[in-house]
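generate coordinates for the sequence data below:
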Amino acid sequence: MNTEKYEKILRDRQREIFARLHKIDTDLGKPRDPDSEEQAIQAENDEVLEEFGQVGEKELKAIDAALDRITKGTFGICAKCGEPISEERLAAVPYAPLCQECATGL
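Below you'll find the model as predicted:
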């Protein structure tokens, strides 16, 4: 398996997420408008940004784990059954720790 290809994909995605999280932090740090109606809209927007941030943090952890598996030489091997993870699955979810069968519980 060409782990170099996946390492590049994972590192590129990692950079994208870091940039997005930085922008979210910047947006959340901006002062609020004194208008109470505008504050309500900003509060809703902040909630959405926080959710995006949580999703990004979760994906970063999965990417870090996948990069660790590359280092250990276990990338592309299902953590549950030990069988190879299909190229199709890794193309869709490059940080997938489980093969399709184990991920869906089949």
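
Ile70: what's it in contact with?
Thr3, Tyr6, Glu7, Leu10 (Cβ atoms under 8 Å, 6 or more residues apart in numbering). Just so you know, the C-beta spots here come from the backbone N, C-alpha and C atoms, and that holds for glycine as well.

what strand or helix carries it?
In this assignment (DSSP states H and E), Ile70 forms part of helix 36-72.

report how many residues lie close to Glu50.
Glu50: 12 surrounding residues under other Cβ atoms under 10 Å.

Cys81 versus Gln100, what's the distance?
11 Å (Cβ to Cβ, to the nearest Å).

same deal with Ile9?
Counting by Cβ to Cβ, the gap from Ile9 to Cys81 is 24 Å.

more crowded one of the two?
For the pair Ile9 and Cys81, the greater number of neighbours falls to Ile9 (16 against 12), based on other Cβ under 10 Å.

quick one on the thing from earlier: now the contacts of Ile70 in TSV, with pLDDT and distance to Arg32?
Below are the contacts of Ile70 laid out as TSV (pLDDT from 0 to 100; distance: Cβ to Cβ, whole Å):
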residue	pLDDT	distance to Arg32
Thr3	94	46
Tyr6	97	42
Glu7	97	41
Leu10	97	37
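
buried ones among the residues you listed?
Thr3, Tyr6, Glu7, Leu10 (16 or more other Cβ atoms under 10 Å).

good, we can wrap up now.
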